[in-house]
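[1] With the sequence up front, the predicted model follows.
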Amino acid sequence: MHAARARRWFWALTATAVVSMGGLYRGLHTASAGARVLLVGAGFPVLVASAVQAARIWLTLTAGPRAPAAVAAMRARRRRAAPNRRSSV
């Protein structure tokens, strides 16, 4: 169920990135400086945000399942590798 929702969000964000890229392209090729600033200023942050979120969802969807034992072992290694912050006081 969660994978289906993640796929829907992935495709919605991908479509948003494509549409905002079109707006960015149009904004860069417009003659008016005011319209250029408005279209680029609105299109670029939307493009970056939607592309980054779509990439994060894609990485999550294509990653294999994580076993609970592997997660616990990874956390234990991190705890052993981290310096003890209380002793430096």
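    Great, that's in hand.
[2] CA atoms for contacts and neighbours, from now on please.
    OK.
[3] Sort out which residues of stretch 46-63 are buried, please.
    46-47, 50-51, 54, 57 (16 or more other C-alpha atoms under 10 Å).
[4] Stretch 6-26 now?
    Under the neighbour-count criterion of 16+ other C-alpha under 10 Å, stretch 6-26 has 6, 10, 13-14, 16-17, 20-21, 23-24, 26 buried.
[5] Name the nearest of these relative to Gly41.
    Leu24 (8.6 Å; C-alpha to C-alpha).
[6] now for the helix or strand harbouring that closest one, which elements pack on it?
    Secondary structure assigned from DSSP states H and E places Leu24 in helix 2-28. The contact analysis (3 or more C-alpha pairs under 8 Å, 6 or more residues apart in numbering; DSSP states H and E) places helix 2-28 against helix 33-62.
[7] Determine how far the helix it packs on lies from the middle of the whole chain.
    Distance of helix 33-62 from the chain centroid (C-alpha atoms, centre = their mean, to the nearest Å) equals 9 Å.
[8] So what touches the helix-or-strand element of the chain with minimal mean pLDDT?
    Lowest mean confidence among the helices and strands of the chain (mean pLDDT, DSSP states H and E): helix 68-81, at a mean of 82. The list of residues contacting helix 68-81 from outside it, by C-alpha atoms under 8 Å, 6 or more residues apart in numbering, is empty.
[9] if we can go back for a sec, switch the buried residues of stretch 6-26 over to JSON lines; also include distance to Ser32.
    Converted to JSON lines, the buried residues of stretch 6-26 look like this (distance: C-alpha to C-alpha, whole Å):
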{"residue": "Ala6", "distance to Ser32": "39"}
{"residue": "Phe10", "distance to Ser32": "34"}
{"residue": "Leu13", "distance to Ser32": "29"}
{"residue": "Thr14", "distance to Ser32": "29"}
{"residue": "Thr16", "distance to Ser32": "25"}
{"residue": "Ala17", "distance to Ser32": "24"}
{"residue": "Ser20", "distance to Ser32": "19"}
{"residue": "Met21", "distance to Ser32": "19"}
{"residue": "Gly23", "distance to Ser32": "14"}
{"residue": "Leu24", "distance to Ser32": "14"}
{"residue": "Arg26", "distance to Ser32": "11"}
